[in-house]
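A.B. asks: Got a predicted structure here, sequence first:
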There are 2 protein chains.
Amino acid sequence: MDAERDSMIRKFQKELNAGTVSLVLLAMLERSPEPMYGYEIAKGMSVGLGGEAPVKQGTLYPVLRSMEGNGLLTSRVEPSVSGPPRKYYSITDHGRAVLSDWTAAWARTREFVDATLEGDGG
Amino acid sequence: MDAERDSMIRKFQKELNAGTVSLVLLAMLERSPEPMYGYEIAKGMSVGLGGEAPVKQGTLYPVLRSMEGNGLLTSRVEPSVSGPPRKYYSITDHGRAVLSDWTAAWARTREFVDATLEGDGG
């Protein structure tokens, strides 16, 4: 793998993540029985999403703040036994409705991309 | 569908397209037996990718220029019988190698997103 191809993969993965990080974040909070804090969410994401460019906490926090600002999430701050207070996020009813819309948009985009890659779409 | 949800869908689709437009464009040129010009590519894409936000030619041209600048595409200008000269794009060998990398990155991301949406990933 030459450096130029490597740089093109990183660029592409970053662009892909711009959309998918919000979707995965909302889906993780929807299925979590408990509110989650930033580090837990980042850890869960980095395991799977884009091995070439794991999700950094620095990437995640602005997304969490923006989603809270848009009413998709709520948060509460709680003391931690092992360090500074933690901000726990939960999904709102509006967030659940938006997750349902985004899941449908994701499915449409995924089907079109896959059809094009298989050579029978477009 | 309220206006707020509608605006969230458009935002999400735009973010998703940032990555997928480059991938689909490269795949379309790879499977096309002939070089294609901008309008042909835009038309092929708008049919399928993100019904909520069809790909505008104004979105596509900077992507084509950037991909040519990165050596993924080459172009040649040819006169048209029905209007101004057209710029026809073809994929390069480097573009084919990058398409193969991007296809693998897309598959990984797709699998992770789908696993999270189904509640068994993360």
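C.D. replies: Noted; the coordinates are in hand. Numbering: from 1, shown residues only, chains lettered A, B, ... in the order given.
A.B. asks: just for chain A, where's the confidence low?
C.D. replies: Counting by pLDDT under 70, the low-confidence segments of chain A come to A:1, A:47-55, A:120-122.
A.B. asks: longest helix of it?
C.D. replies: Among all segments of chain A classified by DSSP state H, the helix with the greatest residue count is helix A:3-31.
A.B. asks: mind listing the helices for chain A?
C.D. replies: Secondary structure of chain A (DSSP H): helices located at A:3-31, A:38-48, A:57-69, A:93-117.
A.B. asks: Could I get those in a markdown table, plus columns for mean neighbour count and distance to chain B?
C.D. replies: C-betas here are computed from N, CA, C, even on glycine. As requested, the helices of chain A are exported to a markdown table (neighbours: other Cβ atoms under 10 Å in any protein chain shown; distance: least, Cβ to the nearest Cβ, whole Å):
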| stretch | mean neighbour count | distance to chain B |
| --- | --- | --- |
| helix A:3-31 | 20 | 4 |
| helix A:38-48 | 18 | 4 |
| helix A:57-69 | 15 | 10 |
| helix A:93-117 | 18 | 4 |
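A.B. asks: Between these, which one is closest to residue B:58.
C.D. replies: Taking Cβ to Cβ, helix A:3-31 is the member of the helices of chain A nearest to residue B:58, at 18.0 Å.
A.B. asks: Find the residue at the geometric middle of chain A.
C.D. replies: residue A:21 (2.1 Å; Cα atoms, centre = their mean).
A.B. asks: Is it correct that that residue is in contact with residue A:57?
C.D. replies: No. Assessed by Cβ atoms under 8 Å, residue A:21 is found out of contact with residue A:57, at 11.9 Å.
A.B. asks: which ones are touching the closest residue to residue A:18 other than its chain neighbours?
C.D. replies: On the basis of Cβ to Cβ, 6 or more residues apart in numbering or on different chains, the spatially nearest residue to residue A:18 that is not a chain neighbour turns out to be residue B:15, at 4.6 Å. The neighbourhood of residue B:15, defined by Cβ atoms under 8 Å, 6 or more residues apart in numbering or on different chains, consists of A:18-19, A:22.
A.B. asks: again, 10 Å this time
C.D. replies: A:15-23, A:102 (Cβ atoms under 10 Å, 6 or more residues apart in numbering or on different chains).
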